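Asker: this one's structure only:
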Ligand SMILES: [Zn+2]
């Protein structure tokens, strides 16, 4: 199976429809489709996928990290460096959960992975991101705790 680069998938020829898609389609694929196919492993798989994508995109500093997350419309990040190896990322308008009703579970695993992957490229260290807040558990933003090691 071939592996494709970001450059290859960025080449879009859709003169009438353009390069934007309804967010609802993304959520159907992401929250309904992928969970259905991947089942209980969807969280870990989507996290690993996000991490790889985050590393491919890369960022050289926290300013660029925030810029990329916003440019890709993953959400509007707010970074707080709590300690040298402990970072909290609040994500407003999260691509996956913003507006979601209370379900009692959190599932922004791909976003968590993208954040970890990008922060690995910023700090040149390994990163482990854990989601701690989400619209789906009663907040109006998403939050991730990131440990660097
Ligand atoms: Zn979210």
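Answerer: Done, it's in. Here the structure is a predicted model, which means the values were calculated and not measured.

Asker: This protein: strands as residue ranges?
Answerer: Using DSSP state E, the strands of the chain run over residues 76-83, 86-92, 127-133, 142-148.

Asker: Out of the ones you listed, which gets nearest to the ion?
Answerer: Of all the strands of the chain, strand 142-148 sits nearest to the ion, with 3.4 Å by C-beta to the ion. Using the backbone N, CA and C atoms, a C-beta is placed for each residue, glycine as well.

Asker: packing partners for that closest one?
Answerer: Packing contacts for strand 142-148, counted by 3 or more C-beta pairs under 8 Å, 6 or more residues apart in numbering; DSSP states H and E, involve strand 86-92, helix 109-123, strand 127-133.

Asker: Would you mark the buried spots in that strand?
Answerer: Of the residues in strand 142-148, those with enough neighbours to count as buried (16 or more other C-beta atoms under 10 Å) are 142, 143, 144, 145, 146, 148.

Asker: Quick check: the fifth one touching residue 88?
Answerer: Yes. Between residue 146 and residue 88 there is a contact at 7.4 Å, judged by C-beta atoms under 8 Å.

Asker: From residue 52, how far out is the residue lying closest to residue 106 once chain neighbours are set aside?
Answerer: Setting aside the residues directly before and after it, residue 106 is nearest to residue 134 in space (C-beta to C-beta, 6 or more residues apart in numbering), at 4.3 Å. Relative to residue 52, residue 134 is positioned 22 Å away (criterion: C-beta to C-beta, to the nearest Å).
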